[in-house]
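**Student:** Need coordinates for the following:
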Amino acid sequence: MNGFSSLEISVVPAKQAVVAAGDHAFPWTPDRGDGSYRNPVIYADYSDPDVVRVGDVFYMVSSSFNCTPGLPLLQSHDLVNWTIIGHAVKNLPHSRYAKVQPGCGVWAPAIRFHAGKYWIFFPMPDEGIYMVTAENPAGTWSEPHLVQAGRGLIDPCPLWDDDGQAYLVHAYAASRAGIKHRLRVCPMAPDGSHLTGEGKIVFHEPERHPTIEGPKFLKRNGWYYILAPAGGVETGWQVVLRSKNIYGPYEDKIVLAQGSTAINGPHQGALVDAADGSWWFIHFQDAGVYGRVVHLQPVNWCDGWPLMGHSNGGNCGEPVLNYRNPPAIDRPLIAVPQSSDEFDSAKLGLQWQWNANHNDDWYSLSVRKNWLRLYPQPATHENLMQLPNLLLQKFPARSFTVETLFEFAPQHAGEEAGLIVGGETFATLAIERKNTDDQLVLRINGCTKFVQDNVSGPLKLFVSVKDGGLCQFGFAVRDGLVTIPQNFPAKKGKWIGAKLGLYNLKHSKHTSAGHVDVDYFRFT
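**Tutor:** Okay, here's the model as predicted:
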């Protein structure tokens, strides 16, 4: 392989594409503008990615855990420049997700195109395996259909064989099933509605692969392939299994590992071909507070095995940091997933997710033109990261600043609205009605660190995130910006990166309440 030496989402001009090595600031732009790209191709938490190509367009789906809408869908023409086009699930199909369930919900999905429509199979490890379909991936998806109930069934992927028969491969969650190193293939009804038999455990080698999960099915040149990450999220490796029989026996080969690079745990993703016949592998890397960021590796087929990344002199590849762009029929505009929002659309930007199942009456984009209005919901938990009505999005780069403009209009004491950054811990910079006056309060994990009394009128708030997730909040006054001298080290959540966004809540028991209007939410 001929790699280069070592060396978000709105559209940015091509002249901004070449970014110096080591520059981690927003916007993180993978397309270098010279025919090459740098990894990660998405510096944001799109964990457990899977990709399908239809014509000359690639579609990506990722896990979303307790956040809604769930199953975000992204689109690209070259596997480098991605934009969000929708979500496959509005709310999760179980009443318990009206409350925040950290680490639960939607785990690793698989997306396929078959019989003229798109299919996504996804697991909810406490409930079972579900399926949704759509004729247009950016349009409306069917309601989730339960394919197989069962606790601990995870990471499903379908395969429709040449003879019309259908199969599903899946793994097991140790936290639910007590198993973490077995893959099962089951026969499935061709319409994807249900499994038709118990199938067979096709791989179980715990001595060499103590954890194996995230299987993806594919058939090529008469061989059945199962791609499966092994060894765990943070330090594992990518395994490929192959057999001439769908139920095995399968032989295995490690095709991608960290090696001498700084890319830990390079695995779990999609093996996909481009229109010119070249092959590529999309996978994640656990980046701590930033979540599981997305990388792209070139693939060479050798003796029937897909070898990924840069050859390290043996049969196992290492991740590349830079490489030439995959071919595209028309070179797309340089783009990154959406982030900033002026709230000038009739719908919320696709970058936003609520912290659990949500209600449409929590907000309005029509009451006040070009403003987002949030209505306060009851504060049912002291840990605000347990509240469902947080409107959040992913960290879009390693360092960035977010600025927003609030107009706070409460009706009663105990209402508050503000900025929040959170994961396992959280910090808020909020406007709060206390008695008859409003005050600005910085809290870290609920403990007050700073108070500014008697604030009024539109208020500009900001938070700066430095490399590593160190956050510092501030606000605007007539004489300029005030940076509060209190640092907050953000931490990741349960299987998910840290998030930031907006909220409005009430501590009072009054049935009536006011609102907060938000003019914009800008990343710089």
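**Student:** Where do the strands of the stretch 301-450 of the chain begin and end?
**Tutor:** Secondary structure of the stretch 301-450 of the chain by DSSP state E, counting those that start in this stretch: the strands cover 305-308, 310-311, 317-318, 322-324, 353-354, 363-364, 372-374, 377-378, 391-394, 400-409, 415-422, 426-434, 437-444, 447-452.
**Student:** could you dump those strands to a markdown table with distance to residue 33, mean pLDDT and mean neighbour count?
**Tutor:** C-beta: built from backbone N, CA, C; applies to glycine. Listed next are the strands of the stretch 301-450 of the chain as a markdown table, based on distance: least, CB to CB, whole Å; pLDDT from 0 to 100; neighbours: other CB atoms under 10 Å:
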| stretch | distance to residue 33 | mean pLDDT | mean neighbour count |
| --- | --- | --- | --- |
| strand 305-308 | 25 | 96 | 24 |
| strand 310-311 | 22 | 89 | 18 |
| strand 317-318 | 25 | 96 | 24 |
| strand 322-324 | 13 | 97 | 17 |
| strand 353-354 | 31 | 98 | 24 |
| strand 363-364 | 38 | 98 | 18 |
| strand 372-374 | 34 | 98 | 21 |
| strand 377-378 | 44 | 96 | 16 |
| strand 391-394 | 24 | 98 | 23 |
| strand 400-409 | 21 | 97 | 20 |
| strand 415-422 | 32 | 98 | 26 |
| strand 426-434 | 36 | 97 | 23 |
| strand 437-444 | 40 | 96 | 19 |
| strand 447-452 | 42 | 96 | 13 |
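**Student:** which one of those lies closest to residue 200?
**Tutor:** With CB to CB as the measure, strand 305-308 is the member of the strands of the stretch 301-450 of the chain nearest residue 200 (23.1 Å).
**Student:** Which elements pack onto the closest one?
**Tutor:** strand 237-243, strand 251-256, strand 279-286, strand 292-302 (3 or more CB pairs under 8 Å, 6 or more residues apart in numbering; DSSP states H and E).
**Student:** outside of it, which residues touch it?
**Tutor:** Strand 305-308 is contacted from outside by 225, 238, 240, 242, 253, 255-256, 271, 279, 281, 297-301, 315-317, using CB atoms under 8 Å, 6 or more residues apart in numbering.
**Student:** Just send the strands of the stretch 301-450 of the chain back as TSV, with distance to residue 234 too.
**Tutor:** What follows is the strands of the stretch 301-450 of the chain, written out as TSV (distance: least, CB to CB, whole Å):
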stretch	distance to residue 234
strand 305-308	19
strand 310-311	21
strand 317-318	17
strand 322-324	24
strand 353-354	24
strand 363-364	36
strand 372-374	36
strand 377-378	35
strand 391-394	19
strand 400-409	24
strand 415-422	21
strand 426-434	23
strand 437-444	26
strand 447-452	30
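**Student:** out of those, which comes closest to residue 514?
**Tutor:** Each of the strands of the stretch 301-450 of the chain has some distance to residue 514 by CB to CB; the shortest is strand 400-409, at 4.6 Å.
**Student:** any idea of the angle the closest one forms with strand 415-422?
**Tutor:** On the basis of axes from the mean of the first three to the mean of the last three CA atoms, to 10 degrees, strand 400-409 is oriented at 170 degrees to strand 415-422.
**Student:** Sheet partners, orientation included, of strand 400-409?
**Tutor:** strand 459-466 (antiparallel), strand 515-523 (antiparallel) (DSSP bridges).
**Student:** Quick one: closest of those strands to residue 122.
**Tutor:** Residue 122 lies closest to strand 515-523 among these, at 28.6 Å (CB to CB).
**Student:** which residues touch the closest one?
**Tutor:** Residues contacting strand 515-523 (CB under 8 Å, 6+ apart): 8, 26-27, 339-343, 368, 370-376, 396, 400-409, 417, 431, 458, 501-502, 504.
**Student:** Now that strand: average pLDDT?
**Tutor:** If you average the pLDDT over strand 515-523, you get 98.
**Student:** quick one on the thing from earlier: for the helices and strands packed on strand 305-308, which one sits closest to residue 136?
**Tutor:** Residue 136 lies closest to strand 279-286 among the helices and strands packed on strand 305-308, at 21.9 Å (CB to CB).
**Student:** which residues of the stretch 51-200 of the chain score low on pLDDT?
**Tutor:** By pLDDT under 70, the stretch 51-200 of the chain contains no weakly predicted segment.
**Student:** which residues of it fall in strands?
**Tutor:** Ranges of strands in the stretch 51-200 of the chain, per DSSP E, counting those that start in this stretch, are 57-61, 70-76, 83-89, 110-114, 117-124, 128-134, 145-149, 153-160, 166-172, 183-188, 200-203.
**Student:** What is the fifth one packed up against?
**Tutor:** In this structure, strand 117-124 packs against strand 110-114, strand 128-134, strand 153-160, with contacts taken as 3+ CB pairs under 8 Å, 6+ apart.
**Student:** The second one: how far from the chain's middle?
**Tutor:** Looking back up the chat, that one is strand 128-134. 18 Å (CA atoms, centre = their mean, to the nearest Å).
**Student:** Strand partners (parallel or antiparallel) of that strand?
**Tutor:** strand 117-124 (antiparallel), strand 145-149 (antiparallel).
**Student:** next one: the shortest one
**Tutor:** In its sheet, strand 110-114 lies beside strand 117-124 (antiparallel), with partners assigned from DSSP bridges.
**Student:** Could you pull out the buried residues of the strand it pairs with?
**Tutor:** Buried positions in strand 117-124, judged by neighbour count with 16 or more other CB atoms under 10 Å: 118-124.
**Student:** Run through who's touching stretch 87-99.
**Tutor:** By CB under 8 Å, 6+ apart, stretch 87-99 touches 61, 64, 66, 68-73, 104-106, 120, 122, 124, 127, 130, 132, 134, 141, 143-144, 146, 350, 356-358, 386, 388.
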